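>>> 3D model of this:
(one chain, ligands or ions: 1)
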Amino acid sequence: MRPAVEQFAARTAAVAAGLKLDQAGGLSPSRFLQAWKALGRLGLLGLPFPAKFGGSGRSLSETAIALESLGRHAGFNCLALSVGAQMWAVQTPLLKFGSPEQKRRFLAPLCRGRARAAPAVTEKEAGSDVLGMKGMAERRGASYLVNAQKSCVTHAPLADFFLVWVRLAGRQGPMSLDCFVVPRNTRGLTTAAFRWEMGPAGAVSGTVSLKDCVLPASARLGRECQGLTVFLYAMAQERRLILAPAVGAMERRLEETAQFARKRQQSGRPIASFQAVAHRLADMKIRLEASRALLRQACLEHEDAFEAGGREPDDGRCAAVKAFLSESWVANCLDAVEIRGAAGCLDAGLRAELGAALSSRLMSGTNDIQKNLIAQRLGHVH
Ligand SMILES: Cc1cc2nc3c(=O)[nH]c(=O)nc-3n(C[C@H](O)[C@H](O)[C@H](O)COP(=O)(O)OP(=O)(O)OC[C@H]3O[C@@H](n4cnc5c(N)ncnc54)[C@H](O)[C@@H]3O)c2cc1C
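The predicted model follows:
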């Protein structure tokens, strides 16, 4: 590891270790906001973004290392989910498709941790089927009239603005979507909060409702009908890196589980000496190392092109990272429960981590959708 990255990872670790997490590893909304500011001051949210937008222009690999450090010390909780959703599904499309004015007004405060934003894509009846969304924009001269009901939006009640994807009235098919930057104080926009029963600890997500919102054409991100391209770009970036903190969480879980297995005695010997237990630990290690290698390789392949907005991300590769890391994380959590025995079922932190891991199979598109994409890129018809 290069010294600058090492130092940054250590500073991230110090912030994460200083968080007052609850028993399940989550944060109350007020502590979440404090932690957000601390990460903003540290520069984590702008790490791979250009300096002129408040970032520090570090590589994606270095960013992955810092995010792993966040996960190792604070787990994959509400903070890690929000950081990932914002950096990859909001900041990266703003960098790639934003006008100079949009970058100045929206991207720079996000990179500095002075604002929060969330992607609003999913609707109650349109999850995997993104093109089936009912949210609609109607052209009215120089502006748009927008109506939409979005669900599952990460930190919706705490966001200052949203990237909202809707269909352009009268259009069908892949060229029918538009994406808009919508500030919270837009007339007609309301949010309602909910908590996941199974998801990152402390995560407050919500619905975002837009009722007869009038948006200027300058609120559109990219060209008219470019919304699907913007969405696919954002999702590829998100699928590559959103689970970087989960790799850190997996590392810590393995260490704690191995320590438990060395200490816990049954039939007069440590349970780690039973081959069944030792093999579970070995499986956890293999999944951890494979996850880290896949993540870092995917970052290395694209880091030169990221800032310049040059080469398109390899979306099949990004889908593979998200699918593999989430499945590995679930499997590691299940092995940890098994090794802990009944104690595993009494551990609020482990229960929350398993819930977060299960939800990671769904976020950024379910793993079935990732596999459809990977198969398509292999040339197989889905
Ligand atoms: C923790 C968390 C955070 C999230 N954050 C956000 C956010 O910030 N913004 C946002 O907009 N959304 C967010 N989501 C929503 C997420 O993107 C959706 O849950 C996901 O796309 C799946 O949609 P769905 O839940 O409606 O399931 P459905 O699409 O109804 O899928 C149900 C089942 O059917 C399968 N299925 C559906 N279609 C196909 C197909 N074509 N091929 C194969 N299988 C298929 C799925 O794989 C799944 O098993 C979040 C979700 C979670 C869990």
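>>> tell me the helices in the stretch 151-300 of the chain, going along the chain?
227-241, 244-263, 275-308 (DSSP state H, counting those that start in this stretch).
>>> so residue 351 touches residue 23, yeah?
No. At 10.0 Å, residue 351 does not count as touching residue 23 under the criterion of Cβ atoms under 8 Å. In this view, the C-beta of every residue, glycine as well, is placed from N, C-alpha and C.
>>> contacting residues around stretch 216-228?
Stretch 216-228 is touched from outside by 93-94, 97-99, 101-102, 130-131, 142-144, 163, 165-166, 168, 171, 174-182, 229-230, with contacts defined as Cβ atoms under 8 Å, 6 or more residues apart in numbering.
>>> Buried ones among these?
Among these, those classed as buried by neighbour count (16 or more other Cβ atoms under 10 Å) are 93-94, 97-98, 102, 130, 143-144, 163, 165-166, 168, 171, 176-182, 229-230.
>>> any low-confidence regions in the stretch 1-150 of the chain?
Along the stretch 1-150 of the chain, segments meeting pLDDT under 70 span 1-3.
>>> same thing but at 90, please
Along the stretch 1-150 of the chain, the parts satisfying pLDDT under 90 run over 1-20, 24.
>>> ranges for the strands of it?
Listed in chain order, the strands of the stretch 1-150 of the chain (DSSP state E, counting those that start in this stretch) span 117-120, 136-140, 143-154.
>>> starting at the chain centroid, how far to the first one?
Relative to the mean C-alpha coordinate of its chain, strand 117-120 is positioned 11 Å out (Cα atoms, centre = their mean, to the nearest Å).
>>> so what secondary structure elements neighbour that strand?
helix 78-86, strand 143-154, strand 161-168 (3 or more Cβ pairs under 8 Å, 6 or more residues apart in numbering; DSSP states H and E).
>>> Of all these, which one comes closest to the ligand?
Nearest of the helices and strands packed on strand 117-120 to the ligand, taken as Cβ to the nearest ligand atom: strand 143-154 at 3.4 Å.
>>> thought residue 196 was touching residue 355?
Yes. Counting by Cβ under 8 Å, residue 355 is a contact partner of residue 196 at 7.4 Å.
>>> what's the neighbour count on the residue nearest to residue 199 when sequence neighbours are not counted?
Nearest in space to residue 199, with sequence neighbours left out and distances taken as Cβ to Cβ, 6 or more residues apart in numbering, is residue 359 at 4.2 Å. By the measure other Cβ atoms under 10 Å, the count of residues near residue 359 is 19.
>>> From residue 115, how far off is residue 359?
25 Å (Cβ to Cβ, to the nearest Å).
>>> same thing with residue 260?
42 Å.
>>> Then residue 379?
42 Å.
>>> okay, the two: which has more neighbours?
More crowded of residue 379 and residue 115, by other Cβ under 10 Å: residue 115, with 21 against 6.
>>> list the contacts for the residue of the stretch 51-200 of the chain found nearest the ligand?
For the stretch 51-200 of the chain, the residue closest to the ligand is residue 127, as judged by Cβ to the nearest ligand atom, at 1.8 Å. By Cβ under 8 Å, 6+ apart, the residues touching residue 127 are 152, 366.
>>> circling back to that earlier point, deepest of the helices and strands packed on strand 117-120, which one?
Neighbour counts (mean count of other Cβ atoms under 10 Å) averaged over each of those peak at helix 78-86, with a mean of 27.
>>> Those residues of the stretch 1-150 of the chain touching the ligand, which are they?
With the criterion set to Cβ under 6 Å from any ligand atom, the stretch 1-150 of the chain comes near the ligand through 85, 118-122, 127-128.
>>> who's in contact with residue 236?
So residue 236 contacts 312-315, 318-319 (Cβ under 8 Å, 6+ apart).
>>> 10 Å instead?
88, 92, 298, 302, 312-319, 321-322, 364, 373 (Cβ atoms under 10 Å, 6 or more residues apart in numbering).
>>> do the same with residue 79
15-16, 19, 21, 25-27, 31-32, 35-36, 38-39, 70-71, 155, 200-203, 245.
>>> how about the residue lying farthest from the centre of the chain, phi and psi?
Most distant from the centre of the chain: residue 268, at 44.7 Å, with distances by Cα atoms, centre = their mean. Backbone torsions of residue 268, given as degrees, to the nearest 10, read phi 80, psi 10.
>>> How much space separates it from residue 274?
On the measure of Cβ to Cβ, residue 268 and residue 274 end up 12 Å apart.
>>> do the same with residue 366
Taking Cβ to Cβ, one finds residue 366 at 36 Å from residue 274.
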